[in-house]
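Trainee: sequence and computational prediction follow.
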Amino acid sequence: MMIGTFMIRWMLATLLVMFLVAGCDLFTTRHAQAPLETSDLCGPATSSDRVLDVLDCTLEFHMPEDYLANFDRQNYSFVPDGAALSNHNDLLPWGYDQEASHIRRLLSDQVVPMDSMVRAQFQEEESIEWADSARYLETYTFHVGHVLEGIPREVSGRAEFIFARSIDGTWRIRWWRDEAVGDQATWSDIKALIR
């Protein structure tokens, strides 16, 4: 009798374990996760003075996900040049999602073929760094070898950036204000026209 009770308990316990295992999909094939599309080619910006070098590198090698890693996903804001804003009032508000949409379209093969040049050259005018943030004022020239008609391929202007140090120690762009110098087209125009 004792062996019979033991066998019944053992069978019930075995059935219970089988139902629990079957219910949690332990043996089902899971879908593969897409790999992250970022690389270490340009490296993270480990200091505030590296942010724009990394940004240029990601543009040069047509790496939109690495480009986006330079921006504060939660707090990023872009302030366009006034002339571009008057022509494209939908440039505001411009945050991380708009930046992501723009750069993925800009660096797509349909807009900028892989063998076309994309370069951003920055020249520092002024910089101030605090413990966990920095302000940089830069002049820039941005060249984009795109295939679209009626959109400038080279723009220039002045940019003011606020960089913030994130908890992982890397620096990211939190705020970017664009300003025309003379009557040249600006980066704001590229953002407005290629989205």
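Mentor: Thanks, I have the structure now.
Trainee: number of nearby residues for the nearest residue to residue 41 once chain neighbours are set aside?
Mentor: Residue nearest to residue 41 in three dimensions, not counting chain neighbours: residue 61, with 6.1 Å by Cβ to Cβ, 6 or more residues apart in numbering. Every C-beta, even on glycine, is put in place using the N, C-alpha and C of the backbone. Using other Cβ atoms under 10 Å, residue 61 has 15 neighbouring residues.
Trainee: now residue 103
Mentor: By other Cβ under 10 Å, neighbour count at residue 103 equals 21.
Trainee: mind listing what residue 42 touches?
Mentor: Taking Cβ atoms under 8 Å, 6 or more residues apart in numbering, we find residue 42 in contact with 54, 57-58, 61, 63, 66.
Trainee: top of the residues you listed by neighbour count?
Mentor: residue 58 (25 neighbours).
Trainee: just checking, that one touches residue 67?
Mentor: Yes - if you go by Cβ atoms under 8 Å, residue 58 and residue 67 touch, sitting 4.0 Å apart.
Trainee: which residues touch residue 49?
Mentor: Here residue 49 is in contact with residue 127 (Cβ under 8 Å, 6+ apart).
Trainee: circling back to that earlier point, so which of the contacts of residue 42 are in helices?
Mentor: Among the contacts of residue 42, the residues falling in helices (DSSP state H) are 54, 57-58, 66.
Trainee: which of these sits closest to residue 83?
Mentor: Closest approach between the ones in helices among the contacts of residue 42 and residue 83, by Cβ to Cβ: residue 58, at 27.2 Å.
Trainee: just the pLDDT for that closest one.
Mentor: Looking at residue 58, its pLDDT reads 98.
Trainee: surely residue 132 and residue 163 touch.
Mentor: No - Residue 132 lies out of contact with residue 163 (Cβ under 8 Å); the separation is 9.6 Å.
Trainee: what about these two, which has more around it?
Mentor: The neighbour comparison of residue 132 against residue 163 (other Cβ under 10 Å) goes to residue 163, with 28 against 12.
Trainee: and that one, how far from residue 74?
Mentor: Separation of residue 163 from residue 74 (Cβ to Cβ, to the nearest Å): 15 Å.
Trainee: so where's the chain uncertain?
Mentor: Counting by pLDDT under 70, the chain shows low-confidence ranges at 1-8, 10-39.
Trainee: quick check, central residue of it?
Mentor: Closest to where the C-alpha atoms of the chain average out (Cα atoms, centre = their mean) is residue 68, at 1.1 Å.
Trainee: my guess is that one contacts residue 98, does it?
Mentor: No - Residue 68 is beyond contact range of residue 98, at 11.5 Å (criterion: Cβ under 8 Å).
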